[in-house]
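1. Can you look at this prediction? I've put the sequence above it.
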Amino acid sequence: MKQNLKFLLKDKLSKNELELMPSSFDVVGSILIFSDFPKELSKKEKIIGEGILRKFKNVKTILKKTKKYSGKFRTPKLKIIAGEKTKETIHKENNVLIKLDVEKVYFSARMSSERKRIADLIRPKERVLVMFSGSGIYPLVIAENSECKEAYGIEINPVAHKYALENIKKNRLENRIKLFFGDVTKIMPKLKKKFDRILMPLPKGGENFLRLALKHIKNNGITHFYDFEHESEFKKSEEKVRKACTEAKKQFKILRTTKCGQYAPGFYRICVDFKVI
Ligand code: SAM
């Protein structure tokens with residue numbers, strides 16, 4: 001699709017403008033999102049968007065990111081440049097359907113293979129907790145693709161939580177997924193439960209919640225801690241795990257550190273999988 005974009009716009013843009021066409025974008029359901037749409041092409045954005053819509057019939061709306069993921073809810077600002085005037089869509093991945101508004105709720109389609117990696121690690125009858133569960137995508141992929149006993153999700157963004165409730169119904173997984181609205185620091189102590197596995201998909205600032213996770217993981221349980229780090233410094237993320245475990249007086253073993261996607265040259269979203277012994 002990427003090569004095709006330049007080809008299909010070759011009669012609408014000059015050679016220089018074609019050079020500027022972004023090579024990266026995301027497709028979430030029927031919405032195509034440009035993360036780095038160049039300012040120089042802003043006068044041509046409607047022509048570009050309409051050209052894409054004519055060619056790719058499953059794409060209904062074209063958006064460009066005007067502000068990066070930010071704030072507590074980790075949401076972007078997005079502008080409609082062509083197509084249907086909606087930011088809500090239904091996306092399919094790993095055998096689940098997920099409905100969301102791409103501006104009001106964090107979502108990354110690029111993480112689908114990471115979500116499948118986690119689902120494949122889950123053993124029968126595990127009780128799994130997803131801190132920071134967003135639209136419910138991790139609990140859904142896990143419940144649909146593993147034999148876990150149940151998956152819990154906790155989310156502080158009310159709009160994301162509302163979609164998550166709708167999504168577990170849409171996928172008929174209400175019996176195996178339990179969702180809670182609120183701050184993990186308030187909800188987790190009230191659950192009075194320990195888990196076989198805890199996921200921490202909050203790469204910016206997730207380390208502040210490692211202590212909390214350690215209070216709720218069973219002995220021999222596995223935690224998946226997400227972080228952003230330069231490829232030469234992955235040890236720093238492992239060091240955050242070591243520090244939290246040492247302070248909590250827990251013995252631990254780092255099982256692996258996995259690259260789950262590049263977000264800038266040399267910088268990756270990574271996942272440190274560790275076991276509390
Ligand atoms: N797991 C989802 C996914 O992969 O699509 C969302 C990940 S997003 C990077 C992090 C999420 O954590 C956001 O939806 C945000 O609202 C939520 N969040 C941030 N701080 C939180 C807290 N203290 N308690 C519960 N949720 C929180």
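-> Received the coordinates, thanks.

2. So which bits of the chain are right by the ligand?
-> Contacts of the chain with the ligand, taken as CB under 6 Å from any ligand atom, map to 72-74, 106-107, 111, 132-135, 137-138, 154-157, 160, 183-184, 201-202. Yep, even glycine has a C-beta here, placed from its N, CA and C like the rest.

3. Among those residues, which lie within helices?
-> With helices defined by DSSP state H, the entries of the residues of the chain next to the ligand inside them are 137-138, 160, 184.

4. Specify which member of those is nearest to residue 226.
-> Comparing those against residue 226 with CB to CB picks out residue 138 as the nearest, at 10.8 Å.

5. ok, the closest one touching residue 129?
-> No - counting by CB atoms under 8 Å, no contact exists between residue 138 and residue 129, whose distance comes to 10.1 Å.

6. Which neighbours do those two have in common?
-> Taking CB atoms under 8 Å, 6 or more residues apart in numbering as the contact rule, residue 138 and residue 129 both touch 151, 153, 199.

7. helices or strands up against the helix or strand harbouring residue 118?
-> Here residue 118 sits within helix 112-121, counting by DSSP states H and E. Under the contact definition 3 or more CB pairs under 8 Å, 6 or more residues apart in numbering; DSSP states H and E, helix 112-121 sits against helix 137-145, strand 252-264.

8. mind redoing it with 7 Å?
-> Helices and strands touching helix 112-121, by 3 or more CB pairs under 7 Å, 6 or more residues apart in numbering; DSSP states H and E, are helix 137-145.

9. Give me the buried entries from the shared contacts of residue 138 and residue 129.
-> Among the shared contacts of residue 138 and residue 129, those buried by neighbour count (16 or more other CB atoms under 10 Å) are 151, 153, 199.

10. Closest to residue 167 out of those?
-> Distance from residue 167 was checked for each of these by CB to CB. The minimum falls on residue 153, at 10.2 Å.

11. Which of the helices and strands in the protein ranks last by mean pLDDT?
-> When the helices and strands of the chain are scored by mean pLDDT, DSSP states H and E, helix 2-8 comes last with a mean of 72.

12. what mean pLDDT would you report for the helix holding residue 118?
-> Rounded to a whole number, the mean pLDDT of helix 112-121 is 98.

13. Tabulate the CA atom coordinates of it in CSV.
-> Extracted in CSV, the C-alpha atoms of helix 112-121 (Å, rounded to 0.1, in the frame of the first residue of the first chain):
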residue,chain,number,x,y,z
SER,A,112,-1.1,-6.8,17.3
SER,A,113,1.8,-9.3,17.1
GLU,A,114,2.9,-8.4,20.6
ARG,A,115,-0.6,-9.1,21.9
LYS,A,116,-0.5,-12.5,20.2
ARG,A,117,2.9,-13.2,21.7
ILE,A,118,1.4,-12.6,25.2
ALA,A,119,-1.7,-14.7,24.4
ASP,A,120,0.5,-17.6,23.3
LEU,A,121,2.4,-17.6,26.6
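
14. List of residues touching it?
-> Residues outside helix 112-121 that contact it (CB atoms under 7 Å, 6 or more residues apart in numbering): 93-94, 137-138, 141-142, 145-146, 199, 224, 258, 260, 271.

15. Stretch 123-137 too?
-> Looking at what lies outside stretch 123-137 - CB under 7 Å, 6+ apart - the contacts are 98, 100, 105-107, 115, 122, 138-139, 142, 147-155, 160, 163-164, 167-168, 179, 184, 195-202, 209, 213, 216.

16. Buried subset of those residues, written for PyMOL?
-> PyMOL command restricting those to the buried ones, with burial defined by 16+ other CB under 10 Å:
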select buried, resi 98+100+105+106+107+115+122+138+139+142+148+150+151+152+153+154+155+160+163+164+167+168+179+184+195+196+197+198+199+200+201+202+209+213+216
